[in-house]
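Asks: Fold the following, please.
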Amino acid sequence: MATARQRIWGWWFFDWASQPYSTLLLTFIFGPYFAEVARSYYMGTGMAEEAAKAAAQAYWGYGLTIASILIAVLAPILGAVADGTGRRMIWIWIFSMFYVVGAAGLWWVVPGGEASTLAWGVALFGLGFIGMEFTTIFTNALMPSLTDHDEIGAVSGTGFAFGYLGGLLALILMLLLFAENAATGKTLLGIDPLFGFDAEAREGTRFVGPLTALWYVVFMIPFFLWVKEPKMPATRLHIGKALGSLKELIAGLRFRKSLAAYLTSSLFYRDALNALYGFGGVYASNVLNWSITQIGVFGILGGITAMVASFIGGKLDNRFGPRFVIGWAIVVLMFVCIIIVGMTRESLWGIALDPASATPDIIFYICGGLIGAAGGPLQAASRTMLLRHTTPDRATEAFGLFALSGKVASFMSPFLIAVVSQASGSARIGISPVIFLFLIGLILLLWVNPKGERA
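Replies: Below is the predicted model of the structure:
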């Protein structure tokens, strides 16, 4: 029988095991690599370089849009079903398989491929992305059973810090031993990729998919050994009853003004953050012409600041409440977005920069550190804010609805970025919708009760 401390550590290990999907695949390794592959494909069809960059960003955006729509539709339904049956762990097993299969399959996204290669790459990434999102819903719903309500903020913040540490170590491992620089064929250590991987075929970089899958399989072992769902009376699966419960919850939002305001606020700000994560590496590749290894170093910096800030943010959450943490994090992220949209290698909002100097790179590195420092606490405080608006027996349903609220904007933000990138022909200007999504989320936060419905 696992102790209370082991259950918390087991729960933290989910963050450690799953974080590389965001760190390695979404943002810093596979996302930029896919942008390179897609850009080369479009230039091979005769498209000019800038137009090819915008087209590659748009393709990635439309792929994330489709995956996010599926999550938005299914998340609240699955949450209601899980709460209705009292079964959550079985869903974690099922969607863990989605995660592993989707991640491992990215090995076959080869450079110089046909249009079908791009389609399969986005489809496999989407499968794993759906797996990650759904397992997160069900593991978050187990949080109330881990500790006293007053300690949830610290547990959540430490979990994110531990997860970022795992993602950071996985990223360092990839950069030092596997991910090759496209120009030199060497890793960040200056060596050939391990296992005799062919640098010309980008096998070292493509190994990011199988490594992410293997990392998840190994480090989910403590979770499955130590985390047990609370014992509840066995209930048969009844879809109609589950959907009725979900409908009742949604209909009741008109009487729960704080929860309704919070879900609407998070609809915008969380998925503006997801857009930053989803397009940050692609932006660095397209606008600043960074290599995969440069983007990886950027990711290490962001991971360090996210890890430290998530731990500190958990303490601030306990003391001042999650709304305080969320508000300040949004302000920092808006500032970063304004810098990013106005920057090229030649200028920053009209101020001339030397494109041959390190100044544009240093500015973007600072932005990366700030994204990590604000993004980690924002995510951790968001789930504790939701727990102030629900009860343990309805937690999965609430997190399913939380996922729905996020994914509404999540498929809007990549769609808006894809459309603006395509219309403007600029990958830089394409990021601009994110600023307005953060601003809307910040304004709506004013109607959220800091104490939630416990008040």
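Asks: lowest confidence element among the helices and strands of the chain?
Replies: helix 239-251 (a mean of 65; mean pLDDT, DSSP states H and E).
Asks: What residues sit buried inside the helix or strand immediately after that helix in the chain?
Replies: Counting by DSSP states H and E, the element after helix 239-251 in chain order, helix or strand, is helix 257-287. Neighbour-count burial for helix 257-287 flags 258-287 (criterion: 16 or more other CB atoms under 10 Å). For every residue, glycine as well, the C-beta is placed using N, CA and C.
Asks: on contacts alone, who are the packing partners of helix 257-287?
Replies: helix 30-44, helix 49-85, helix 292-320, helix 322-341, helix 359-387, helix 395-424, helix 433-444 (3 or more CB pairs under 8 Å, 6 or more residues apart in numbering; DSSP states H and E).
Asks: Those helices: which one's closest to residue 183?
Replies: For residue 183, the closest of the helices and strands packed on helix 257-287 is helix 292-320, at 9.8 Å, according to CB to CB.
Asks: which stretches of the stretch 1-150 of the chain aren't confidently modelled?
Replies: Within the stretch 1-150 of the chain, the stretches with pLDDT under 70 are 79-86, 147-150.
Asks: please redo it, this time with the cut-off set to 90
Replies: Within the stretch 1-150 of the chain, the segments meeting pLDDT under 90 span 1-8, 22-23, 26-29, 31-32, 35-36, 39, 43-91, 111-117, 133-134, 136-150.
Asks: quick one: the helices in the stretch 101-250 of the chain?
Replies: 115-141, 152-177, 203-206, 208-219, 221-226, 239-251 (DSSP state H, counting those that start in this stretch).
Asks: tell me the pLDDT at the closest residue to residue 338 other than its chain neighbours?
Replies: Nearest residue to residue 338 in three dimensions, chain neighbours excluded: residue 435, at 6.3 Å (CB to CB, 6 or more residues apart in numbering). On the pLDDT scale, residue 435 is placed at 90.
Asks: OK, contacts around residue 203?
Replies: Residues in contact with residue 203 (CB atoms under 8 Å, 6 or more residues apart in numbering) are 193, 197.
Asks: tell me, how many neighbours does residue 436 end up with?
Replies: Per other CB atoms under 10 Å, the neighbour tally for residue 436 reads 14.
Asks: same check, this time on residue 210
Replies: 15.
Asks: I'd assumed residue 102 was in contact with it.
Replies: No - with contact defined as CB atoms under 8 Å, residue 210 does not count as touching residue 102 (11.5 Å).
Asks: Residues in a beta bridge with residue 352, which ones?
Replies: residue 347 (DSSP bridges).
Asks: do you know how far it is from residue 367?
Replies: 19 Å (CB to CB, to the nearest Å).
Asks: Show me which of the two is the more surrounded one.
Replies: residue 367 (23 against 8).
Asks: what about the nearest residue to that one once chain neighbours are set aside, distance to residue 342?
Replies: Excluding its sequence neighbours, the residue lying closest to residue 367 (CB to CB, 6+ apart) is residue 336, at 4.9 Å. Relative to residue 342, residue 336 is positioned 11 Å away (CB to CB).
Asks: cool, residue 433 as well?
Replies: Distance from residue 433 to residue 342, by CB to CB: 15 Å.
Asks: More neighbours: those two, which one.
Replies: residue 433 (22 against 15).
Asks: does that one really touch residue 415, like I thought?
Replies: No - look at residue 433 against residue 415 with CB under 8 Å: they stay out of range, at 9.2 Å.
Asks: so where's the stretch 351-455 of the chain shaky on pLDDT?
Replies: Using pLDDT under 90, the flagged stretches of the stretch 351-455 of the chain are 351-369, 371-373, 375-377, 379-434, 449-455.
Asks: Can you tell me who residue 343 pairs with across the strands?
Replies: In beta-bridge terms (that is, DSSP bridges), residue 343 pairs with residue 348.
Asks: so what's it scoring on pLDDT?
Replies: For residue 343, the predicted pLDDT is 82.
Asks: doesn't residue 428 make contact with it?
Replies: Yes - using CB under 8 Å, residue 343 is in contact with residue 428, at 7.4 Å.
Asks: What distance do you get for residue 356 to residue 285?
Replies: Taking CB to CB, one finds residue 356 at 19 Å from residue 285.
Asks: could you dump the helices and strands packed on helix 257-287 to CSV with distance to residue 172?
Replies: Formatted as CSV, the helices and strands packed on helix 257-287 follow (distance: least, CB to CB, whole Å):
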stretch, distance to residue 172
helix 30-44, 16
helix 49-85, 25
helix 292-320, 6
helix 322-341, 23
helix 359-387, 15
helix 395-424, 28
helix 433-444, 28
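Asks: Could I get the contacting residues of residue 18?
Replies: 99, 132, 135, 136, 163, 216.
Asks: Just say helix, strand or coil for the closest residue to the fourth one other than its chain neighbours.
Replies: To tie it back to what came earlier, the one meant is residue 136. Closest residue in space to residue 136, ignoring its immediate chain neighbours: residue 18 at 7.0 Å, by CB to CB, 6+ apart. Following DSSP: H, G, I helix; E, B strand; the rest coil, the label given to residue 18 is helix.
Asks: Offset the numbering so it begins at 807, please.
Replies: Shifting the count to begin at 807 puts that one at residue 824.
Asks: Okay, residue 824 and residue 1084: tell me how far apart.
Replies: In terms of CB to CB, residue 824 sits 16 Å off from residue 1084.
Asks: Touching, residue 1076 and residue 1188? I think so.
Replies: Yes - proximity of residue 1076 to residue 1188 meets the contact threshold set by CB under 8 Å, at 6.2 Å.
Asks: what's the burial count for residue 856?
Replies: 12.
Asks: go on, residue 1187?
Replies: Counted with other CB under 10 Å, residue 1187 comes out at 29.
Asks: ditto for residue 1000
Replies: 12.
Asks: Report the contact partners of it.
Replies: By CB under 8 Å, 6+ apart, residue 1000 lies in contact with 983, 984, 1010.
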